[in-house]
Structure formats: structure tokens, C-alpha cells
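Asks: quick check, what structure comes out for this input:
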Amino acid sequence: MKDDFTFAVKSTRFDEHYLPSDNTRVTTNFANLARGANRRENLRNALRMIDNRFNALAHWDNPEGDRYFVELDIISVEMRIGTEGSGDTFPSIEVLKTTIVDRKTSDRIQGIVGNNFSSYLRDYDFSVVLREHNQNKPEFSVPDDFGDLHGKLFQSFVNSSAYKEHFKKPPVICLSVSENKIYQRTENQHPVLGVEYQPNESSLTEQYFRKMGLQVRYFMPPNSAAPLAFYFSGDLLNDYTNLELISTISTMETFQKIYRPEIYNANSVAGQCFQPSLKHPDYSLIRIDYDREERGRLAIEQGKFAQEKFIEPYQAMLEQWSAQSAR
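Replies: Numbers count the residues shown, from 1 in each chain. Sure, this is the predicted structure:
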């Protein structure tokens, strides 16, 4: 059963010429930017924001603030189902990989893989499974096995030969904080990640990512408006260099400023006690087009796609594989 799934890794450069592939979720951050009449301007502006933020954080030996730029590659993971028979494929996940280019030395420095995280199966869990489980129920609840399959498949990929052939370090995924939690500033401070915050309780997203083998810490980098959630395995503060961490911060903070400006482009900075809100009125808009309502609608459609193309056709195999993976 361990060979029922194999993985293929494909890489696509994310630049101003980027066009989403047919297998890319259209709600994915980078794909959403690359649509519409202003797609090239959107992409150019986002990439410029990333480079500017990187140089602001990597300010040592960088007097002009232009020493570095960041190259982004979209890593698409295709899962092949079964070693015998049809060998059907399913678009498993997409993440981003950063590469730091040093203009001063002409060095190309490998950054972090992960950053953004996109998954059809996660859409299925949150937009189909949760909705059906809570339909006509007075109180919200979560199925006991919620996220089990997704977590095992993710860990299977990270432990696979395909991952190890392409990437030297475990992934780090950087997400927004939750609107439903309150975050308290701590005394811990990192020179690049910034001030650490701690939530008042665990979120559903934390629990979901825990099943993927990832823990979380919350840091607000210097000159940021709000903390970011960093999901990782191992030791976030010591396993990665400062430049690697800066590549993730500059990339994902830029996306969050575009998609959640009420939180990450707010005109006031998170204080000692912080509760994020998408209804916060005092923020600045980024000159990049984005339709948040459309993104919510499409998540349901993409969840149903995973249900029809992956869950239902292979349900028996998936249940058997999942049960054996638990041993």
C-alpha cells in the first residue's frame, strides 16, 4: 500500500508573464493576481513590493536598499494514484519556493519552500465536509477524522524521494492570523521574525496543520502591522538562515497586504493584545485588483472538484491506505 501514491514535482516561474495552468486552483494567491485586464501590472507591483520589503529587512551591508531580489517558483505536486492499472493523476498541492539573488556577489541563494499553501483536498475538507457535517445543527462541531487523510498525504509527500530530490529543508508555510482568536505579545523577540505573539486558544487551522506534522508560532516582523502564522516542523528559529526567513516574510506579507489589507496594511500596529478583524476600517488599499468574494465562492466549487475526481472514485483505496498509514 505504501506505493499506492507517488509524487511528481513540477516548477513554474512566477513573474509578470505568469499564466495559471489548468491544474492551479484559481483561488490560490498567485493565480488570483494573474487574471483580468490588469494582470501584468498586478504581478509587477506585487513582485516589486516583495523585493522592497526584502531589502528593508536585509538592511546590513545594503546601503542603497537594492542589493537583493527574490525569484519565485510555483511548485506543483501531482499525485499518481496506483502503481498498477490506470495510474490516474490528481493535482495534490501547490506551494512557492523562493530564491534570493545577491546583486553584489551574483550568488543565488536557495530560500524556503512552502510559503503559500494551496490544496484542492483542503477545499474539500473545509467547504464540503464541514458544511455538510454542520448542516441543520444548532452548534458548530468538527468530525473526529477531520483532516486525517489530507495530513497523511502531505506527510507522505514531505517524506517522499520526490521531495528530498528537490528540496534540502522541510517546508515553512506562512498564513494570516485568525479573526476568531486574541493574540498576546510576549517578551520573546527575533532579529528577523520580530516579536512573538501567542493566541488565547488553538484554532481549527492549527489543528488541521498539526495533522500535517506542522506546529505553529506567531511573529510580527519589524515594521509590520500584524503577526504572521508560521507553520513548520523542527526548529523555526535555528533551522533556517536570516535570508531564508526574510524571503518568506517579504513574499507572504506582500500577499497578505493585498488580500487582507484590513489586518496587514492597517494604519495602526498590533498592540500588546491583538484581535484581527476584516471589518477594521482604518487601512490603506494596495493598487492591485483582487475579488475576495469570488475567492470564497470558488473554494466550494474546487472542494466539489476534489470530491468528484478524487474522494469518491478512490474512496475504498483511500480508506485502506489511511488505515495502514496510521499503524
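Asks: name the residues that touch stretch 313-327?
Replies: Contacts to stretch 313-327, defined as Cβ atoms under 8 Å, 6 or more residues apart in numbering, come from residues 1, 4, 5, 81, 82, 148, 149, 152, 156, 311. In this view, the C-beta of every residue, glycine as well, is placed from N, C-alpha and C.
Asks: no, scratch that, I was asking about stretch 243-253
Replies: 50-51, 53-54, 57-58, 68, 70, 72, 96, 98-100, 109-112, 114-116, 169, 172, 174-175, 192-193, 221, 224, 228, 230, 264.
Asks: who does whichever helix or strand residue 113 is part of touch, helix- and strand-wise?
Replies: Residue 113 is part of strand 108-119, with elements assigned from DSSP states H and E. Strand 108-119 is packed against helix 29-33, strand 88-102, strand 172-175, helix 242-259, with contacts defined by 3 or more Cβ pairs under 8 Å, 6 or more residues apart in numbering; DSSP states H and E.
Asks: strands of the stretch 51-200 of the chain, start to end?
Replies: The residue ranges that make up the strands of the stretch 51-200 of the chain, judged by DSSP state E, counting those that start in this stretch, are 68-81, 88-102, 108-119, 172-175, 183-190, 194-199.
Asks: now the longest one, how far from the chain's geometric center?
Replies: Once both centres are worked out by Cα atoms, centre = their mean, to the nearest Å, strand 88-102 turns out to sit 10 Å from its chain's centre.
Asks: same check, this time on stretch 69-86
Replies: Distance of stretch 69-86 from the chain centroid (Cα atoms, centre = their mean) equals 16 Å.
Asks: do stretch 73-93 as well
Replies: Its chain's C-alpha centre lies 20 Å from the corresponding centre of stretch 73-93 when counted by Cα atoms, centre = their mean.
Asks: which stretches in the chain count as helices?
Replies: 29-33, 39-57, 120-124, 130-133, 148-158, 161-166, 204-210, 236-239, 242-259, 261-264, 292-306, 315-325 (DSSP state H).
Asks: residue 282: which of those helices is closest?
Replies: Distances from residue 282 to each of the helices of the chain were compared using Cβ to Cβ; the shortest belongs to helix 261-264, at 8.7 Å.
Asks: related to what we said a few turns ago, could you dump the helices and strands packed on strand 108-119 to CSV with mean pLDDT, mean neighbour count and distance to residue 124?
Replies: As requested, these are arranged in CSV below (pLDDT from 0 to 100; neighbours: other Cβ atoms under 10 Å; distance: least, Cβ to Cβ, whole Å):
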stretch, mean pLDDT, mean neighbour count, distance to residue 124
helix 29-33, 61, 23, 18
strand 88-102, 92, 20, 11
strand 172-175, 97, 22, 18
helix 242-259, 95, 24, 21
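Asks: now render those as JSON lines, adding distance to residue 45.
Replies: Conversion of the helices and strands packed on strand 108-119 to JSON lines gives the following (distance: least, Cβ to Cβ, whole Å):
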{"stretch": "helix 29-33", "distance to residue 45": "9"}
{"stretch": "strand 88-102", "distance to residue 45": "17"}
{"stretch": "strand 172-175", "distance to residue 45": "20"}
{"stretch": "helix 242-259", "distance to residue 45": "9"}
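Asks: just so I know, which of the ones you listed lies nearest residue 161?
Replies: Ranked by Cβ to Cβ, the member of the helices and strands packed on strand 108-119 that lies closest to residue 161 is strand 88-102, at 15.2 Å.
Asks: quick one on the thing from earlier: closest to residue 19 out of the helices of the chain?
Replies: Between residue 19 and these, the shortest separation by Cβ to Cβ is 8.3 Å, and it involves helix 39-57.
Asks: and that closest one with strand 88-102, angle?
Replies: Using axes from the mean of the first three to the mean of the last three Cα atoms, to 10 degrees, the interaxial angle of helix 39-57 with respect to strand 88-102 works out to 50 degrees.
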